Each structure stands twice: as structure tokens, then as C-alpha cells.
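Asks: what would the 3D arrangement of this be:
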Amino acid sequence: MKNRDKSLSADIVRIPYQQMEAEFLLVLKKKGFSDDKAKTCASIFAQNSLDGVYSHGVNRFALFVKFVEKRYIRIDNEPELKGSSAAIEQWDGRLGPGPINALICTERAMELSREYGIGCVGLSNTNHWMRGGTYGWKAAKAGFAFIGWTNTIPNMPAWGAVDCRLGNNPMIFAVPYNNEAIVLDMAMSQFSYGTMESYKLKKQQLPLSGGYDKKGQLTTDPSAIIETQRSLPVGYWKGAGLSLLLNIMAAVLSGGEATHEIGRHEDDFGVSQVYIAIDISKLDNYRMIVGIVNEIIDDYHDSVTESDSMKIVYPGERALNTRKENLSEGIPVERNVWNQIKSL
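Replies: Residues are numbered from 1 along each chain as shown. Presented below is the predicted three-dimensional model:
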């Protein structure tokens, strides 16, 4: 779930997309990024914000810069191929900027898919990719089905445990749809930590219980959950089990570190990721796929809602609506967040 609250207060300012991207670009070049890398990262942060994913856009930009200053992110490093076997490759991210490494590996997975029908790239030793859905949108709009995931530091307990041994390990599924995409981008916790930080920043409660406080009680207080690091697995024991398997597969397919090893770092870096692209144009039923997906979504939209005010949307549909609004009116940003970025 992403933070897309449209209620604006006096502490919120609307920043035009081009202005936000230009400000990001200015800061990144000041921090030593090459022109190309600065433009790529600035575009990703601005696009995430435009689509309403503020927690992994404008609200996280200052932390990204902090990681650059701490040398957790090595801005001059490029990912390197470690090994390959037909449609499967393993790459070393060399702690380069996470969004750039992720784009490179997404594009490589698509290249392998064009050759083999499916391409799988495991990426080790990389940094936070920001919004994982960015890479699902990219692949799906290019005509590919996409699956990707990342492991993280330990920030979620196993079901029935009180200490954190699991990561919330975001996972992405994406397919082409009407010149755009259907994109599911979800963490294995009920709320991502970026989303909880956004609620904390606005001094708001979560709409549902998202984890445990110091007394071991379920709570909607994002500050309490961030303090305990006891986020609630989505689907309870099912989400915990899925998190475990995603971590195992990320470490195995990338040849990189698992969650318990990442937890020994000073912070959240050196993670392992997987990118899988499927060239659906090579499928026997390719000419029927558009019709199949349209029928599925039409049926989904015909769901009987609990109330007239409820609207059923597919994953990614809300982002399209938010994108249109933010292009027209400007991207809503907490005033103190924007002032912090301008001071970098």
C-alpha cells in the first residue's frame, strides 16, 4: 500500500513535476553524479513522486543523498557480470546506485527474454531500488511480463516470534495493459517502512494495524512500529513464509547476501535482487492475450461493491489517476521535506 493521501494542509506545497526533477538533478550533480546518472536517478525519484509513491520518491530523496555521503552508495560504480548460463545471469552491483543497477538488470532480463523467451538476472551487492514497481512498469510497457523482488535488512518477525529475522522483501508482478500496465508492487509487511514513515511525518495513524508496539500489542501507530521494527506480515504466517522463500531465492539466484547477513551492516545496503522478464510475444496464444487480460479486468471491475462510494481498481490503476492529477496540479510535498531537499 502506498501513501496517496489527497487531503492537503497548510504544511503541504504543490511542486510542478519539472521543477522537482530539476531540483533533484541539481542536488545529485552537486554530490558528484555524472550527468547521465544524475538524470536517470532524478527522473526515477520524480516519477515515483508523480505517481503518488512519495515514500520512495520525494520523501526518501534526502536519505538517498545521505547514503551517498556515507559511501554506502558508490556513485561511480557500474554492475559487473559474474556468470551466466543461457537465460540466467548473475551480476555484482558493486554498491552502485540502486535505481541505476535495477534499470540495467531489468533491461538485461528483457534482452535475455528476447533471445530465450525468458530472462532471469540475479543481482548481488546492490542498494535500495526505491519503488520496485518502476521496473515492472518499464518491462510491461515494453511488452514483457515481469517478476522481481529484493531482500532487505531484518525488519519483520517470523509468525509467532518477537525478534526480526525476516525482511519485508518487496515483490513486483507486472503485465502489459492498454499501452500502460497492471503492476502489483507489495512488501511482505502490511505496510512498507517507507509508507509508515510517511504516515509518521504527517502525524497520522495507519488505516489498519501494521505491527506491534513495545507491549506486544497490535497498533496503528507508525512511530511505535518503526521503534520496535515488528511489522505485521501480510497474510500473517503466509506472508512470513513467502518472505522467507523470497530471501532464500534472492540469495541463491544472485549469489549475494541473505537477510541475516545484510543485518550485520551499518544500514540497509548490499541487498540481493532478482529480475525475471518473459517475452509474451513468443507465446502461442500471443494474439489472444490482449483479449484475455481485458476480459479479466472487465470482470474484476464489475465486482459488487460494499457501498456506492467504493471503486474497484486493479494494481497500478490508482497510480495512473494520481499521475494525471499531479501533472495538472503539482506534486504534494511536506513543506519541511521540500525545504530540506533545497538545502542539500
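Asks: do you know the pLDDT at E197?
Replies: For E197, the pLDDT comes out at 87.
Asks: from here on, count from 376
Replies: From this message on, residue numbering opens at 376, which makes the last subject E572.
Asks: how about it: what's its closest non-neighbour residue?
Replies: Spatial nearest neighbour of E572, chain neighbours left out: S430 (6.3 Å); criterion: Cβ to Cβ, 6 or more residues apart in numbering. Where C-beta positions appear, they are placed from N, C-alpha and C, glycine not excepted.
Asks: residues of stretch 416-432 that come out buried?
Replies: 416-417, 419-432 (16 or more other Cβ atoms under 10 Å).
Asks: now the two most distant members of those.
Replies: C416 and G427 (19.1 Å; Cβ to Cβ).
Asks: just to revisit the earlier point, ok, now how distant is the residue nearest to E572 from E681?
Replies: 27 Å (Cβ to Cβ, to the nearest Å).
Asks: next: T595.
Replies: According to Cβ to Cβ, T595 and E681 sit 21 Å apart.
Asks: neighbour-wise, which of these two wins?
Replies: Between T595 and E681, T595 has the larger neighbour count (other Cβ atoms under 10 Å), namely 17 against 7.
Asks: the more buried one reaches D588, doesn't it?
Replies: No: using Cβ atoms under 8 Å, T595 makes no contact with D588, being 9.9 Å away.
Asks: OK, contacts around T594?
Replies: Shown in contact with T594 (Cβ atoms under 8 Å, 6 or more residues apart in numbering): 584-588, 600.
Asks: quick one, strands of the stretch 576-719 of the chain?
Replies: 586-587, 593-594, 646-654, 706-709 (DSSP state E, counting those that start in this stretch).
Asks: by contact count, what packs against the longest one?
Replies: With contacts defined as 3 or more Cβ pairs under 8 Å, 6 or more residues apart in numbering; DSSP states H and E, strand 646-654 has these neighbours: helix 473-491, strand 493-501, strand 519-525, helix 612-629.
Asks: ok, the first one next?
Replies: Other helices and strands packing on strand 586-587, by 3+ Cβ pairs under 8 Å, 6+ apart, are strand 593-594, helix 597-603.
Asks: and what of the last one?
Replies: Under the contact criterion of 3+ Cβ pairs under 8 Å, 6+ apart, strand 706-709 touches strand 387-390, helix 392-405, helix 410-425.
Asks: deepest of the ones you listed, which one?
Replies: Per residue and on average, the most neighbours among the helices and strands packed on strand 706-709 fall to helix 410-425, with a mean of 21 (mean count of other Cβ atoms under 10 Å).
Asks: for whichever helix or strand comes after that helix, buried residues please.
Replies: The element immediately downstream of helix 410-425 (helix or strand, assigned by DSSP states H and E) is helix 436-444. Within helix 436-444, the residues scored as buried using 16+ other Cβ under 10 Å are 436, 439-440, 442-443.
Asks: report the inter-axis angle for helix 436-444 versus helix 392-405.
Replies: 20 degrees (axes from the mean of the first three to the mean of the last three Cα atoms, to 10 degrees).
Asks: can you pull out the residues in contact with helix 436-444?
Replies: With Cβ under 8 Å, 6+ apart, helix 436-444 has contacts from 399, 402-403, 406-407, 416, 420, 448, 450, 472, 502-503, 505, 642, 644, 712, 715-716, 719.
Asks: please repeat the previous calculation with a cut-off of 6 Å.
Replies: 406, 420, 448, 715-716, 719 (Cβ atoms under 6 Å, 6 or more residues apart in numbering).
Asks: kindly report the domain assignment for this structure.
Replies: Here the domain parsing of the chain from automatic domain parsing is 387-444+690-719, 452-564+609-658, 569-607.
Asks: reformat these as a markdown table; add distance to N669.
Replies: Formatted as a markdown table, those follow (distance: least, Cβ to Cβ, whole Å):
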| stretch | distance to N669 |
| --- | --- |
| domain 387-444+690-719 | 14 |
| domain 452-564+609-658 | 8 |
| domain 569-607 | 31 |
